[in-house]
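Novice: Let's see this in three dimensions:
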Amino acid sequence: MLAAMNFRESLAHAWVTIGVPGTTHPRTSTYVLYPEDGLPPLPVALFRGDGLGWLRGLPAVRTGMTPDEWSHTTTPLSREGTERLLRDAGASPGFERLPADLRAFASETELQRRLFSATDAYIDAGERLEPVQGGRLLHLISDSQWVFHWLAFIGDDGSTGVVCSAAALGYSEDADDDGAPARGADEAVWVADSVAEFIWRWWADNYAFAAAHPDHCPPLSAPDWFDLAAYTAGYTAPGIEPS
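Specialist: Residues are numbered from 1 along each chain as shown. Purely as a prediction, here's the structure:
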């Protein structure tokens, strides 16, 4: 477990995502790391209520990012599943004291069907909460090939955010059997300051991908105010391959 500084401050900050069409990024890498200071600005919709009202207004995308028969599933990201993981970890506060956006995303499972993943990533809460300095990590999303995992930070002081890690944090030590050396939570990357921000950037990037590849992706709807060209132009720094 990390010490000396808080968890957020101890990590590198960047956005880890697919290569977004319309941006400068390596063409040979499935995922790209975009510098934090070169990201599109957040829309005002994220600062209303729990920040997910815009997503509730969109239709479902087939099964969305719910797991399928090929997914390594453990605990559903639902209210019941999250409450069980919190109890097992002896975590306090309980579900009702979690950030509003995380509570909504876990308890309103229809929201999970409104997201699309160009890499067949899926939603799963993992087998346990991962202890880190000042709090715990709750697993949110796995890449279908377990290249990366995205997890919500639940701070003991009520702070929140989302990290990305190549390590299978939140799963048992033998869950990833590809022989890769174990890596700790200190090698994760801080990608968003809230679950709502994370969901927004995930949705917008994958919407951009689907719009650029209509023959291979389902048709997606967007909020009336969303301007795709302005969004991709908001990436003002090139992406690089994650190390």
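Novice: I'd like the secondary structure assignment at Ala152, please.
Specialist: strand (DSSP: H, G, I helix; E, B strand; the rest coil).
Novice: That one against Leu102, yeah?
Specialist: Yes: between Ala152 and Leu102 a contact is recorded at 5.5 Å, counting by C-beta atoms under 8 Å. Where you see a C-beta, it was placed from the backbone N, CA and C, and this is true even at glycine.
Novice: so how far is Gly90 from the residue nearest in space to the middle of the chain?
Specialist: The residue lying closest to the centre of the chain (C-alpha atoms, centre = their mean) is Trp150, at 4.5 Å. Computed as C-beta to C-beta, to the nearest Å, the Trp150 to Gly90 distance reads 24 Å.
Novice: What about Trp54, how many residues nearby?
Specialist: Each residue near Trp54 was counted by other C-beta atoms under 10 Å, and the total is 22.
Novice: Look at the closest residue to it other than its chain neighbours and give its secondary structure.
Specialist: Leaving out its chain neighbours, the residue that sits closest to Trp54 by C-beta to C-beta, 6 or more residues apart in numbering is Ala45, at 4.3 Å. Here Ala45 is helix, with the state taken from three-state DSSP.
Novice: I figured Ala45 was touching Gly53, is that so?
Specialist: Yes: with contact defined as C-beta under 8 Å, Ala45 counts as touching Gly53 (6.5 Å).
Novice: These two: which has the busier surroundings?
Specialist: For Ala45 and Gly53, the more surrounded residue by other C-beta under 10 Å is Ala45, and the numbers stand at 18 against 14.
Novice: Now for the more buried one: which residues touch it?
Specialist: Gly51, Gly53, Trp54, Pro223, Trp225 (C-beta atoms under 8 Å, 6 or more residues apart in numbering).
Novice: Sort out for me which of those residues are in strands.
Specialist: The members of the contacts of Ala45 all map outside strands under DSSP state E.
Novice: Trp146 touches Ala168, doesn't it?
Specialist: Yes: if you go by C-beta under 8 Å, Trp146 and Ala168 touch, sitting 6.4 Å apart.
Novice: So between the two, which is more surrounded?
Specialist: Using other C-beta under 10 Å, the more surrounded residue of Trp146 and Ala168 is Ala168, with 24 against 18.
Novice: intersection of neighbour lists for Ala152 and Leu102?
Specialist: Each of Leu138, Thr160, Val195 lies in contact with both Ala152 and Leu102 under the rule C-beta under 8 Å, 6+ apart.
Novice: Bridged to the second one, which residues?
Specialist: Beta-bridge partners recorded for Thr160 (DSSP bridges): Ile154.
Novice: what residues are up against it?
Specialist: Contacts of Thr160 by C-beta under 8 Å, 6+ apart are Pro99, Leu102, Ala152, Phe153, Ile154, Asp193, Ser194, Val195.
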